[in-house]
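> okay, predicted coordinates and the sequence, questions at the end:
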Amino acid sequence: RQIYIEQPNRDFVRSLILTEKHIRLMHFDRSGVYLSKDINIHENPIIFIRLILGLTSPNEKDLGLDTSVKWKIDSKTGKKKSGTIKTVDSNGQPITYNLNMKEKVIVRECLRGRGTTCWHATHPKTKEAVFIKDSWRTSTRKPESDYLNAAKGLPGVAQIISYQDYMAETKDYRPEEQQEDELSDFFHNRVKIRVVMEAYGPSIWHFEDRYQLIAAFRDAIAAHGKLLERNVLHRDIAVHNILFCPASTTSGPRSILIDLDMAVWGDRSLDEICKDPRSVRILHYLFYLDDLESFFYALCHIIFAFKRPGVEHRNLPALIQEWKTD
């Protein structure tokens with residue numbers, strides 16, 4: 001988990017458990033963990049050597065790194081001084097964006113799940129700022145790009161520039177026999193997608209005055225209604241999924257709804273809803289009023305978390321803390 005946080009271009013992590021007689025391979029990815037059986041290193045010396053060589057490969061892709069992300073290191077300080085990220089443009093042609101080294105990479109800290117990683121970057125020619133999001137969805141779900149494309153031109157909702165789907169799948173990292181063993185019910189194949197969007201301001205958590213906060217909520221609720229008119233139900237309304245518009249914006253909505261990777265089509269049948277194992281983790285019932293209720297929860301969270309704009313309470317009230325549990 002810590003390796004994923006420190007090395008945000010990780011697709012998977014592998015390690016070994018070694019004793020004087022046995023070795024086991026540990027593999028971690030966004031579908032969870034795979035642990036090999038005990039291998040006697042004295043009876044299987046060739047497998048032992050292959051495992052060691054595999055984990056010391058000079059090929060970064062073999063080690064689980066996404067090689068479409070590159071950094072240049074300052075030889076004096078040992079720190080990253082510049083970086084690039086490769087993907088495709090709106091015409092499907094290769095493009096390499098320059099990473100904004102002044103902005104931190106946003107990494108979802110959970111090991112298993114969507115593994116959302118967000119990069120601040122600039123266009124190589126126009127120098128226009130963009131926001132690039134990597135995430136891993138279960139292979140049975142629709143990609144976020146479908147819902148973002150449906151929201152094209154909609155004020156108050158994140159605007160997609162391009163996307164690159166099926167960059168990787170977790171099933172390709174694991175042995176085929178795992179699908180046949182007793183743990184197969186716990187494995188769900190996940191697919192990596194990279195989405196390039198227009199860049200926006202910080203989340204509403206960073207509000208500067210009360211009017212700015214309430215205006216942002218008002219416009220986000222209005223955008224949510226417009227999104228539903230295009231048959232898209234957001235399903236993941238939260239404080240950090242409502243962003244302020246850039247400071248340079250002088251007209252139009254004052255906030256932007258982002259993060260549609262948990263969205264669904266508004267006309268889904270009840271059978272489809274019941275088959276989605278993640279639905280219950282977001283809301284009990286997938287209807288419009290539940291998203292409105294989430295706006296209310298988000299506003300309450302901020303009201304109870306802050307003494308005043310910019311000054312947080314040391315601890316949240318017990319009631320609000322309980323909202324973070326199942």
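Received, thanks.
> check contacts around the nearest residue to R230 once chain neighbours are set aside.
Spatially, and ignoring its direct neighbours in sequence, R230 is nearest to A150 (5.1 Å; CB to CB, 6 or more residues apart in numbering). From N, CA and C alone the C-beta is placed, and that goes for glycine too. By CB atoms under 8 Å, 6 or more residues apart in numbering, A150 lies in contact with R230, N231, V232.
> tell me how far A150 lies from L228.
Relative to L228, A150 is positioned 11 Å away (CB to CB, to the nearest Å).
> picking that back up, pLDDT wise, what is the residue nearest to R230 at?
In this model, A150 is scored at 97, pLDDT.
> give me phi/psi at it?
As for A150, its main-chain torsions (degrees, to the nearest 10) stand at phi -70, psi -20.
> all helices for the stretch 51-200 of the chain, in order.
144-150 (DSSP state H, counting those that start in this stretch).
> point out where it drops to low pLDDT.
The model of the stretch 51-200 of the chain has pLDDT under 70 over residues 177-185.
> now the strands for it?
For the stretch 51-200 of the chain, the strands defined by DSSP state E, counting those that start in this stretch occupy 69-73, 80-88, 94-99, 106-107, 117-122, 129-138, 160-169, 190-198.
> ok, N241 - contacts?
Neighbours of N241 in contact, by CB under 8 Å, 6+ apart: S203, L257, I258, D259.
> what's the answer for E322, then?
Contacts of E322 (CB under 8 Å, 6+ apart): none.
> how near is it to F304?
Relative to F304, E322 is positioned 12 Å away (criterion: CB to CB).
> ditto for A247
Computed as CB to CB, the A247 to F304 distance reads 27 Å.
> so which of these two has more stuff around it?
More neighbours surround F304 than the other of A247 and F304, with 14 against 8 (other CB atoms under 10 Å).
> ok, back up a step: of the contacts of A150, just the buried ones, ChimeraX syntax please.
Remark: buried members of those, expressed as a ChimeraX selection using 16 or more other CB atoms under 10 Å:
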select :232
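> ok, the residue nearest to the spatial centre of the chain to H27 distance?
Nearest to the mean C-alpha position of the chain, counting by CA atoms, centre = their mean, stands T116 at 1.5 Å. From T116 across to H27, the span is 21 Å (CB to CB).
> cool, and E293?
Distance, E293 to H27, using CB to CB: 40 Å.
> also K133?
In terms of CB to CB, K133 sits 25 Å off from H27.
> any idea how far the residue lying closest to A151 once chain neighbours are set aside is from D219?
Computed as CB to CB, 6+ apart, the closest residue to A151 that is not its neighbour in sequence is V157, at 4.4 Å. Between V157 and D219 the computed distance is 11 Å (CB to CB).
> compare the two (neighbour count), which wins?
Neighbours were counted for V157 and for D219 using other CB under 10 Å; V157 has more, 25 against 21.
> so which residues of the stretch 201-326 of the chain form helices?
Assigned by DSSP H, counting those that start in this stretch, the helices in the stretch 201-326 of the chain fall at 210-229, 270-274, 279-282, 288-305, 318-322.
> how far does the last one sit from the chain's center?
Pointing back at helix 318-322 there. Mean C-alpha position of helix 318-322 versus that of the full chain (CA atoms, centre = their mean, to the nearest Å) differs by 25 Å.
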